[in-house]
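*Asks:* Here is my input, please return the structure:
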Amino acid sequence: MSESESSNQPPAPEEQERIKSEAEWVDLLRQEIGRVIVGQKYLVDRLIVGLLANGHVLLEGVPGLAKTLAVKTLAQCIRADFKRIQFTPDLLPADVVGTLIYSPNQGEFTTKKGPIFANLLLADEINRAPAKVQSALLEGMQERQVTIGDETFPLPEPFLVLATENPIDQEGTYPLPEAQMDRFMLKLLVDYPDREEELQILEANANVSVLHEANPVVDSEVIHRSRKLIDGIYLDNKLKAYLVDVVLATRDPASCGASELAAFIRFGASPRATISLALASKAVAFMQGRSFVTPQDIKDVGLDVLRHRVIVSYEAEAESVSSDDVIKKIFETVPVP
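*Replies:* Residues are numbered from 1 along each chain as shown. Model prediction:
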């Protein structure tokens, strides 16, 4: 069976039409972001996947590749509240979540909420802050709530953390713990634009006063409705088994006939990876106006979901084998239903 065909039968035609109609805003959003961001289609599409699948996104790329601008533009397009935190070594947890402030006039403490209370939170250079600050984000990312003092506050919906890491200049950085890396649904490697795109960037931005403004094209109600539809997108039992086989192969490569990879893997992906891969695949199907998932949807987002969850061994590092290399080999080896 070809990858474009699925072993399942698509749901009723009216459900297919409903999803196709509901997903029209995705193209509008791409076009509006495209007015500000030149190229970076992969980055924009994966940010939309994170938005639809309610998953946080980690962006890795050198400075100047429009990571921050892409997130800010996305916030403008979806009428969302956007906050940015520049992570530095002297940042405190209270600078992220908020704190209690004593008011002498009233004789009591009042709560001052931090920048985490936003729809889209950009954690810029997240690996520059100490572990206690990074962990301050953990409760919000996982539980969608924050505790200040002895009171717990729910975070607004939608709530999405988009964090950036700089792969160069690692001096003075604090690598993210594996537990926190696992909280991110996707890790994206943002690359340089090609020659044609760079010429367009030059044409559009080589002015002293450049305004990057995007118009709202969708609101949180539409996103909420789309998320409900994504829950109903059909994932065939054979594809569920395929998903599980791929994730199991990161823990035990011999199970898929790739025993030569065992020496390169220190830790495989957790069950959270299986859930994230299923949700991200459903989001990709929705973006294409389909009511069912195909094997190609799983392959399309597989690297982004798994690359930060598969920890390679020292032997792999010595032989310049990355987690991407391991995952690609697994996808080549695991039989497609």
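*Asks:* Go ahead and name everything in contact with stretch 57-69.
*Replies:* 36-38, 40, 43, 46-47, 50, 84, 122, 124, 126, 160-168, 176, 181, 184-193, 212, 308 (CB atoms under 8 Å, 6 or more residues apart in numbering). The C-beta positions use only the backbone N, C-alpha and C, and glycine is treated the same way.
*Asks:* Now that stretch - C-alpha only, PDB.
*Replies:* Extracted in PDB, the C-alpha atoms of stretch 57-69 (Å, rounded to 0.1, in the frame of the first residue of the first chain):
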ATOM      1  CA  VAL A  57       7.500  24.200  20.700                       C
ATOM      2  CA  LEU A  58      11.300  24.500  21.100                       C
ATOM      3  CA  LEU A  59      13.100  26.300  18.300                       C
ATOM      4  CA  GLU A  60      16.800  25.900  17.800                       C
ATOM      5  CA  GLY A  61      18.600  28.100  15.300                       C
ATOM      6  CA  VAL A  62      21.300  30.700  15.000                       C
ATOM      7  CA  PRO A  63      20.300  34.400  15.700                       C
ATOM      8  CA  GLY A  64      18.600  36.400  13.000                       C
ATOM      9  CA  LEU A  65      16.400  33.700  11.400                       C
ATOM     10  CA  ALA A  66      13.100  35.400  12.300                       C
ATOM     11  CA  LYS A  67      12.200  33.000  15.100                       C
ATOM     12  CA  THR A  68      11.100  35.700  17.400                       C
ATOM     13  CA  LEU A  69       9.300  37.600  14.600                       C
END
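*Asks:* Need the three-state assignment for the nearest residue to residue 130 once chain neighbours are set aside.
*Replies:* In space, and not counting its chain neighbours, residue 130 is closest to residue 174: 5.6 Å by CB to CB, 6 or more residues apart in numbering. Secondary structure, DSSP: H, G, I helix; E, B strand; the rest coil: residue 174 is coil.
*Asks:* Check residue 46 and give its pLDDT.
*Replies:* We have a pLDDT of 92 for residue 46.
*Asks:* Sorry, slip of the keys, the one I care about is residue 6.
*Replies:* 39.
*Asks:* Then the one 5 residues further on?
*Replies:* Predicted confidence (pLDDT) at residue 11: the value is 67.
*Asks:* next one: residue 36
*Replies:* Confidence for residue 36, expressed as pLDDT, is 84.
*Asks:* can I assume it is in contact with residue 201?
*Replies:* No. Counting by CB atoms under 8 Å, residue 36 does not reach residue 201; the two are 11.1 Å apart.
*Asks:* Now do the contacts for residue 51.
*Replies:* 74, 78, 158, 160, 223.
*Asks:* which helix in this structure runs the most residues?
*Replies:* The single longest helix within the chain, with elements called by DSSP state H, is helix 271-287.
*Asks:* And the helix or strand just after that one, what does it pack against?
*Replies:* Next helix or strand after helix 271-287 toward the C-terminus (DSSP states H and E): helix 295-306. Counting contacts by 3 or more CB pairs under 8 Å, 6 or more residues apart in numbering; DSSP states H and E, helix 295-306 packs against helix 41-53, strand 184-189, helix 237-251, helix 271-287, helix 323-333.
*Asks:* For residue 21, find the nearest of these.
*Replies:* Set against residue 21 and scored by CB to CB, those come closest in helix 271-287, at 11.7 Å.
*Asks:* That closest one packs against which elements?
*Replies:* helix 41-53, strand 184-189, helix 220-231, helix 237-251, helix 295-306.
*Asks:* The residue nearest to residue 130 and residue 166, how far apart?
*Replies:* Going from residue 174 to residue 166 by CB to CB, to the nearest Å gives 13 Å.
*Asks:* overlap in contacts of these two?
*Replies:* residue 127.
*Asks:* Select only the buried ones of the contacts of residue 51 in ChimeraX?
*Replies:* In ChimeraX, a selection of the buried entries from the contacts of residue 51 looks like this (16 or more other CB atoms under 10 Å):
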select :74,78,158,160,223
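*Asks:* In strands, which of the contacts of residue 51 appear?
*Replies:* residue 160 (DSSP state E).
*Asks:* quick one: which of the contacts of residue 51 is nearest residue 142?
*Replies:* residue 160 (13.2 Å).
*Asks:* Please enumerate the strands of the stretch 51-200 of the chain.
*Replies:* 56-60, 82-86, 98-103, 108-113, 120-124, 145-148, 151-154, 160-165, 184-189 (DSSP state E, counting those that start in this stretch).
*Asks:* Tabulate those strands (TSV), appending mean pLDDT and distance to residue 265.
*Replies:* Output for the strands of the stretch 51-200 of the chain, formatted as TSV (pLDDT from 0 to 100; distance: least, CB to CB, whole Å):
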stretch	mean pLDDT	distance to residue 265
strand 56-60	91	20
strand 82-86	90	34
strand 98-103	85	40
strand 108-113	85	42
strand 120-124	90	28
strand 145-148	87	35
strand 151-154	89	38
strand 160-165	89	22
strand 184-189	92	17
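*Asks:* what residues are up against residue 70?
*Replies:* Contacts of residue 70 by CB under 8 Å, 6+ apart are 33, 37, 40, 43, 44, 47.
*Asks:* Present the residues you listed as JSON lines; the columns should include neighbour count and distance to residue 301.
*Replies:* Shown next, in JSON lines, are the contacts of residue 70 (neighbours: other CB atoms under 10 Å; distance: CB to CB, whole Å):
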{"residue": "33", "neighbour count": "24", "distance to residue 301": "19"}
{"residue": "37", "neighbour count": "22", "distance to residue 301": "20"}
{"residue": "40", "neighbour count": "22", "distance to residue 301": "17"}
{"residue": "43", "neighbour count": "23", "distance to residue 301": "13"}
{"residue": "44", "neighbour count": "19", "distance to residue 301": "14"}
{"residue": "47", "neighbour count": "25", "distance to residue 301": "13"}
